[in-house]
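Peer 1: Provided below for reference: sequence and predicted model.
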Number of protein chains: 4
Amino acid sequence: MTDDSRDHVVPGSEEELASADVRGYDFRGEFDFGELLETYATTGFQATQLAEGIEIAEKMRENDATVYLTFTSNIISSGLREVVAALVRKGYVDVIITTSGSLTEDVIKTEKPFKMGEWDADEAELRERGINRLGNIYVPSDRYVWLEEYLYDFFDDFFADEKIRTPTAFARELGETLGDEDSVLKQAADNDVPVYCPALTDAEVGNFLYYYRQGYDSDVGIEILDDYDSLIEDGLLSDETGLIAVGGGVPKHHAIMTNLFRGGADHAIYISTGMEGDGSLSGAPPNEAVSWGKIKDEEKTNYTLIEAEATLVFPLLVAAAFN
Amino acid sequence: MTDDSRDHVVPGSEEELASADVRGYDFRGEFDFGELLETYATTGFQATQLAEGIEIAEKMRENDATVYLTFTSNIISSGLREVVAALVRKGYVDVIITTSGSLTEDVIKTEKPFKMGEWDADEAELRERGINRLGNIYVPSDRYVWLEEYLYDFFDDFFADEKIRTPTAFARELGETLGDEDSVLKQAADNDVPVYCPALTDAEVGNFLYYYRQGYDSDVGIEILDDYDSLIEDGLLSDETGLIAVGGGVPKHHAIMTNLFRGGADHAIYISTGMEGDGSLSGAPPNEAVSWGKIKDEEKTNYTLIEAEATLVFPLLVAAAFN
Amino acid sequence: MTDDSRDHVVPGSEEELASADVRGYDFRGEFDFGELLETYATTGFQATQLAEGIEIAEKMRENDATVYLTFTSNIISSGLREVVAALVRKGYVDVIITTSGSLTEDVIKTEKPFKMGEWDADEAELRERGINRLGNIYVPSDRYVWLEEYLYDFFDDFFADEKIRTPTAFARELGETLGDEDSVLKQAADNDVPVYCPALTDAEVGNFLYYYRQGYDSDVGIEILDDYDSLIEDGLLSDETGLIAVGGGVPKHHAIMTNLFRGGADHAIYISTGMEGDGSLSGAPPNEAVSWGKIKDEEKTNYTLIEAEATLVFPLLVAAAFN
Amino acid sequence: MTDDSRDHVVPGSEEELASADVRGYDFRGEFDFGELLETYATTGFQATQLAEGIEIAEKMRENDATVYLTFTSNIISSGLREVVAALVRKGYVDVIITTSGSLTEDVIKTEKPFKMGEWDADEAELRERGINRLGNIYVPSDRYVWLEEYLYDFFDDFFADEKIRTPTAFARELGETLGDEDSVLKQAADNDVPVYCPALTDAEVGNFLYYYRQGYDSDVGIEILDDYDSLIEDGLLSDETGLIAVGGGVPKHHAIMTNLFRGGADHAIYISTGMEGDGSLSGAPPNEAVSWGKIKDEEKTNYTLIEAEATLVFPLLVAAAFN
Ligand SMILES: NC(=O)c1ccc[n+]([C@@H]2O[C@H](COP(=O)([O-])OP(=O)(O)OC[C@H]3O[C@@H](n4cnc5c(N)ncnc54)[C@H](O)[C@@H]3O)[C@@H](O)[C@H]2O)c1
Ligand SMILES: NC(=O)c1ccc[n+]([C@@H]2O[C@H](COP(=O)([O-])OP(=O)(O)OC[C@H]3O[C@@H](n4cnc5c(N)ncnc54)[C@H](O)[C@@H]3O)[C@@H](O)[C@H]2O)c1
């Protein structure tokens, strides 16, 4: 019995594996940030995924791929706003896809900062004080009072000549009004980077457009097919495309779905906290998109998923691959 | 030292707690499903959350609240489609908010089923066989060939009189063409339940509208502000509202944001796999919405979060509260 | 361009898939719990995983496999304690592996219930009131005062003849002192089911043994190699083994590691909230154990993972497969 | 109606918040790693949690607290092994608590590296090739053949004078035999840092002790109460304690439970992927431990939770606070 069991317990193996040794950073000697991130490749688990992401991002740069950066609104709520703006300013981004909260919050931050807060706050008390909570970030309501005025002025100009406009036009013309160099919308406008946002109503923009239509001009409208055509053509006209999806949702899907038209994205990096087992688009790893033809399948790794909350890893990716 | 330590280790307590004893189902005697779910209230952890959700859903029914059902597209990919259709058919739903994949997939399923598949498939091989994977669900590509034809015919009618239409009109008129009693769109159309879907382009609908505009009529468009006004007014005109958010994303936010206009939803049940610590809208628990005034804060529990993958718990919620 | 793109977007597919149609429960007619769970097989995502788990559990029963039930301590904190006790009482369990908190909490509950509580409590206030919090469950500290007395009496007997004892002897002899039919330890003792618990010190048992050694008898000890031998032999002597791992940690690993000696477990059901991407044992899906030879790889599905919080699904599994 | 609604939608707020502005790293100018991590404090979400963790770790150092480092076995499987060894070598760690896999894997790595592998491997094929998979890390089985010999030799010495030994003695004496400066066990032995490991059987150590008892000496044993006493006294004798819990399970609980004797740990940093909502010890945030008296509650933040996979953040924490 024991002999049999030993074959199970210690089966042995002949083969020498050619892959790298697992080995972490050596904290002897002077600390070197670049070397630290290089050792992530052989640290295993998600550190290795981050190192893969950095390599893929470098490949996108080398090959001058059309880079799609997609992100959820809370990325702009957080300090990643400045990081995204830097990427756009430096010319590394060609297409942005996001949701509506990104737009309103980027505008507010040009004039009034968001404030650090607490996860476990007394919500009813916050409501009374007029403080809105986003995780551990607070947004006092006076920000929205200010925004309302700002947007009404903008709406007057935006709808002056045409009553039916698109989300990309909205983002571009709004960006042009802004003076803050750390604004994503301003940098996008200045660098001719389109900002796609099909569900434009789903944030304060929608709320204030509701009041605007009631109070000023009930004929204004937002049409979304034109933008979708443009986004498809952005892909069709590119020799090579690369996606950086920070979070999931509509922005991520918009990017992969329109890359389908050109036979799939050439490179893809997902940063996500989504759960694969819920069958959601947000949780779907890049290989699921291969079956749909939304990402290409290459010999060498051309896509990866970093399972992490973005504020922890996105600055590292940018520092390593785009600096 | 020891004496001191004992005060730390066994501090004692005087008070009798008034809350229920923790106690699970008693498997003696004949099994009773209703009793099982009742013991969930005192089972702890997420079972208790589900029991709370059932109680809140019953309250919504009793009080005849305007019920908003929001869900992500993968809900329709799964067998929850039939469950949602049943809820609508029985008159328990007043407002639906969803994403675009729900619409295309509901239509396909009226004619051609989705098939059970495997999580760990060879993606490149699936691509060659023309099989699209959604978690452990397969969608053969002939479904989309069929859908394309179906939609082109529909587009002709839909845009015949007006070139610029809304997502709710799209969903309603499309639903009217369907013959399957298990279709969510058909049941919604038959029961006058509006289906909101602001990011209508973000699925095959968008793809086929792109081709349609290229090949047939470049002037057609989808306008999204009208719908947002209606959704706000659905809330303003309600005496009492209740939200059931299955998954997160745009649908969930659309519901709570428009309830803000009326001072918050009166009841809310979230079913979600989202992570609170990523600061996302999808991961935000109901109490975060209280600080924004999107959900009301009552003495008695009027909202809850069930941390679970929806296919496991939504049928139980429906069986217990809506049957 | 467009023609090319259409091949990408609507590639078509020839093949008819033989697998089942995705289809959820039909809420027409009288509600039937058994049928509901059967439709879980074709509902997709985790519902399908639960249905697979039920099928595998039924196979274990049919084949009269040696059933290992492993669980973390919080399972006993919750109302699943009564469910586990029922399984043991009905003779469906052959080996239990758990952690130390399970033992202390099972004993306490024979005399004094745990109480329902709140997730978001004021911790410092709870500390002052002497109330310990376990998620949404409260354990007043008087429970531990009572337990201390109970255990000191028990220790006197337990160490009377031998100073060095094993965790399984501890669990068995402790179980024999208990009168509550809903006690897992009592049922295990009555039904000759060994309860393995290598890290016996890691809960109040350890704390009170510390005081006991200080105050009464410094020579008593707990030896853990004997138990490990027995556990290995439980596996070696079985024709067929089946694992039900509720949660991860030491209990889960103890089960799969000792099944390695016999060439792997024949069946395995994991219920877990663990994350695969962190490389942890708790998050590792069953297929990882196949590479180690800890679970056998069969033609037909003999293992599955249900990604869910256990209180939601374990009672359903028991109701369907063991009732 | 509208006026009313505007009060809901834009309630306004008077108060100026005193907390920091949310603001991310400024990628203008030369990149500076230290400054990057400082901006994490105002980046929000988990970045802020990491910054808090760094601050707490610095406080531990300043105050010369007794530092408990607890980690799960997969930390040693990964490249974090070298990082842990560095921390111990530099004298920053006073107590280690871990699980059994850490010990065997640390020993193997002194002679034979683990190799980088793939998450999605063909498990049955790996089994045939004798390759064990740990996430994206491969461990060829010849490592265990080598380890078996190494341990048998060690067992002869270890049990030569006394038959019943403790896990801490095991770890210390084993560490003394090792020559690799990157070994955690060697560094711990050299620096008089005790390594607690109550469930010593739960890895290959257990397997080989089983064979050893069968083939060589059936009387040897491992006793665990002595160690628990020592661990409690480590805490009682400390003026101030600080915990760094990398992952959960028995190691984390052992640390907080024994700190209870001294009235709670003074500082605590958790790095975890656990889920709070499952009521598990592993998922429990530090504030839950406050109700139990296992962590002290101070005016200023003395504990935090970083929700992240450890390979991503632990090297950053070490680089910032211990370098
Ligand atoms: N079948 C599809 O999923 C599908 C098909 C075509 C298009 N799309 C498009 O992809 C975009 C993104 O999809 P989405 O916004 O519908 O949602 P999503 O898939 O991005 O999910 C959003 C969040 O909801 C939660 N969630 C999702 N599924 C869940 C479940 N089963 N149980 C519990 N929680 C769950 C998760 O937290 C997730 O992060 C949409 O525009 C949609 O139209 C999706
Ligand atoms: N009530 C308690 O939890 C308690 C009480 C006293 C002592 N302890 C001690 O704490 C230590 C660690 O606890 P543990 O090893 O029992 O497990 P754990 O709580 O650390 O859980 C291990 C893993 O199991 C999974 N899991 C836990 N609960 C789950 C659930 N409800 N549903 C699905 N998956 C779940 C999770 O992935 C988790 O990471 C043990 O030594 C134990 O004795 C715990």
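Peer 2: Structure received. Numbers count the residues shown, from 1 in each chain, chains lettered A, B, ... in the order given. Ligands and ions are numbered 1, 2, ... in the order given.

Peer 1: Tell me how many other residues crowd the residue of the stretch 201-323 of chain A found nearest chain D.
Peer 2: Closest residue of the stretch 201-323 of chain A to chain D, CB to the nearest CB: A:Thr311 (3.6 Å). C-betas here are computed from N, CA, C, even on glycine. Neighbours of A:Thr311 under the rule other CB atoms under 10 Å in any protein chain shown: 29.

Peer 1: Now do it against ligand 1, distance only.
Peer 2: Noted for A:Thr311: a distance of 17 Å to ligand 1, by CB to the nearest ligand atom, to the nearest Å.

Peer 1: Check the offset of the helix or strand harbouring that residue from the chain's centre.
Peer 2: Per DSSP states H and E: A:Thr311 is located in helix A:310-321. Relative to its chain's centre, helix A:310-321 lies at 12 Å (CA atoms, centre = their mean, to the nearest Å).

Peer 1: just checking, what packs against it?
Peer 2: Contacts defined by 3 or more CB pairs under 8 Å, 6 or more residues apart in numbering or on different chains; DSSP states H and E place helix A:310-321 against helix A:33-40, helix A:45-62, helix A:80-89, strand A:267-272, helix D:33-40, helix D:45-62, helix D:310-321.

Peer 1: So for the first one, what gets flagged as buried?
Peer 2: Counting neighbours by 16 or more other CB atoms under 10 Å in any protein chain shown, one finds that the buried residues in helix A:33-40 are A:Phe33, A:Leu36, A:Leu37, A:Thr39, A:Tyr40.

Peer 1: one step back: in this model D:Thr39 seems to touch the residue of the stretch 201-323 of chain A closest to chain D, though I could be wrong.
Peer 2: No: counting by CB atoms under 8 Å, A:Thr311 sits too far from D:Thr39 to count as a contact (10.2 Å).

Peer 1: what about A:Arg127, distance to chain D?
Peer 2: For A:Arg127, the distance to chain D (CB to the nearest CB, to the nearest Å) stands at 8 Å.

Peer 1: Number of residues surrounding that residue?
Peer 2: Neighbour tally, A:Arg127, other CB under 10 Å: 23.

Peer 1: Provide a list of residues in contact with it.
Peer 2: Contact analysis of A:Arg127 by CB atoms under 8 Å, 6 or more residues apart in numbering or on different chains lists B:Val290, B:Ser291, B:Trp292, B:Gly293, B:Asp297.

Peer 1: Quick check: which element contains it?
Peer 2: For A:Arg127, the host element (DSSP H and E) is helix A:123-129.

Peer 1: Residue ranges in the stretch 1-150 of chain A under the pLDDT threshold?
Peer 2: Scanning the stretch 1-150 of chain A with the threshold set as pLDDT under 70 gives A:1-3.

Peer 1: picking up where we left off before, go through the helices and strands packed on helix A:310-321 and name the closest to ligand 2.
Peer 2: helix D:310-321 (13.4 Å; CB to the nearest ligand atom).

Peer 1: What's the local residue count around the residue of the stretch 201-323 of chain A found nearest ligand 2?
Peer 2: Going by CB to the nearest ligand atom, ligand 2 is nearest to A:Gly277 of the stretch 201-323 of chain A, at 12.6 Å. For A:Gly277, the count of nearby residues is 21 (other CB under 10 Å).

Peer 1: residues in contact with it?
Peer 2: A:Gly283, B:Trp119, B:Gly135, B:Thr273, B:Glu309, C:Phe45, C:Gln46, C:Gln49, C:Glu307.

Peer 1: Quick check: closest non-adjacent residue to the residue in the stretch 151-300 of chain A positioned nearest to chain B.
Peer 2: Relative to chain B, the nearest point of the stretch 151-300 of chain A is A:Gly279 (3.2 Å; CB to the nearest CB). Distance criterion CB to CB, 6 or more residues apart in numbering or on different chains; nearest residue to A:Gly279, sequence neighbours excluded, is B:Gly135 at 3.2 Å.

Peer 1: where does the residue of the stretch 101-250 of chain A found nearest chain C sit relative to B:Ser282, distance-wise?
Peer 2: At 5.9 Å from chain C, A:Leu236 is the closest residue in the stretch 101-250 of chain A, using CB to the nearest CB. Counting by CB to CB, to the nearest Å, the gap from A:Leu236 to B:Ser282 is 31 Å.

Peer 1: Of the two, which one has the most company?
Peer 2: B:Ser282 (28 against 16).

Peer 1: so that one sits right up against B:Tyr270, yeah?
Peer 2: No: with contact defined as CB under 8 Å, B:Ser282 does not reach B:Tyr270; the gap is 9.6 Å.

Peer 1: which residues are common contacts for the two?
Peer 2: By CB under 8 Å, 6+ apart, the residues touching both B:Ser282 and B:Tyr270 are B:Lys252.

Peer 1: could you pull out the strands for the stretch 201-323 of chain A?
Peer 2: A:221-222, A:241-246, A:267-272, A:303-307 (DSSP state E, counting those that start in this stretch).

Peer 1: okay if I get these as a markdown table plus mean pLDDT, mean neighbour count and distance to ligand 2?
Peer 2: Shown next, in a markdown table, are these (pLDDT from 0 to 100; neighbours: other CB atoms under 10 Å in any protein chain shown; distance: least, CB to the nearest ligand atom, whole Å):
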| stretch | mean pLDDT | mean neighbour count | distance to ligand 2 |
| --- | --- | --- | --- |
| strand A:221-222 | 98 | 23 | 44 |
| strand A:241-246 | 98 | 27 | 26 |
| strand A:267-272 | 98 | 26 | 19 |
| strand A:303-307 | 97 | 25 | 15 |
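
Peer 1: ok, back up a step: could the helices and strands packed on helix A:310-321 be laid out in TSV, adding distance to B:Ile224?
Peer 2: Shown next, in TSV, are these (distance: least, CB to CB, whole Å):
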stretch	distance to B:Ile224
helix A:33-40	42
helix A:45-62	32
helix A:80-89	25
strand A:267-272	27
helix D:33-40	37
helix D:45-62	30
helix D:310-321	39
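
Peer 1: Mean neighbour count, those: which tops it?
Peer 2: Neighbour counts (mean count of other CB atoms under 10 Å in any protein chain shown) averaged over each of the helices and strands packed on helix A:310-321 peak at strand A:267-272, with a mean of 26.

Peer 1: could you give the angle of it to strand A:241-246?
Peer 2: 10 degrees (axes from the mean of the first three to the mean of the last three CA atoms, to 10 degrees).

Peer 1: Name the nearest residue to the residue of the stretch 51-200 of chain A at minimum distance from ligand 2, sequence neighbours excluded.
Peer 2: Nearest to ligand 2, among the residues of the stretch 51-200 of chain A, is A:Trp119, at 20.7 Å (CB to the nearest ligand atom). Among residues not flanking A:Trp119 along the chain, A:Asn136 sits closest, at 5.0 Å (CB to CB, 6+ apart).

Peer 1: Surely the one you found is in contact with D:Thr43?
Peer 2: No: if you go by CB under 8 Å, A:Asn136 and D:Thr43 don't touch, sitting 10.2 Å apart.

Peer 1: ok, those two, which is more surrounded?
Peer 2: For A:Asn136 versus D:Thr43, neighbours defined as other CB under 10 Å are more numerous around D:Thr43 (31 against 23).

Peer 1: need the contact list for the residue lying closest to that one once chain neighbours are set aside.
Peer 2: Spatial nearest neighbour of D:Thr43, excluding adjacent residues (CB to CB, 6+ apart): A:Gly79 at 3.3 Å. Going by CB under 8 Å, 6+ apart, A:Gly79 touches A:Thr311, D:Val22, D:Arg23, D:Gly24, D:Tyr25, D:Thr39, D:Thr42, D:Thr43, D:Gly44, D:Ala47.

Peer 1: Go ahead and confirm the third one touches D:Thr39.
Peer 2: Looking back up the chat, that one is D:Arg23. Yes: between D:Arg23 and D:Thr39 there is a contact at 6.9 Å, judged by CB under 8 Å.
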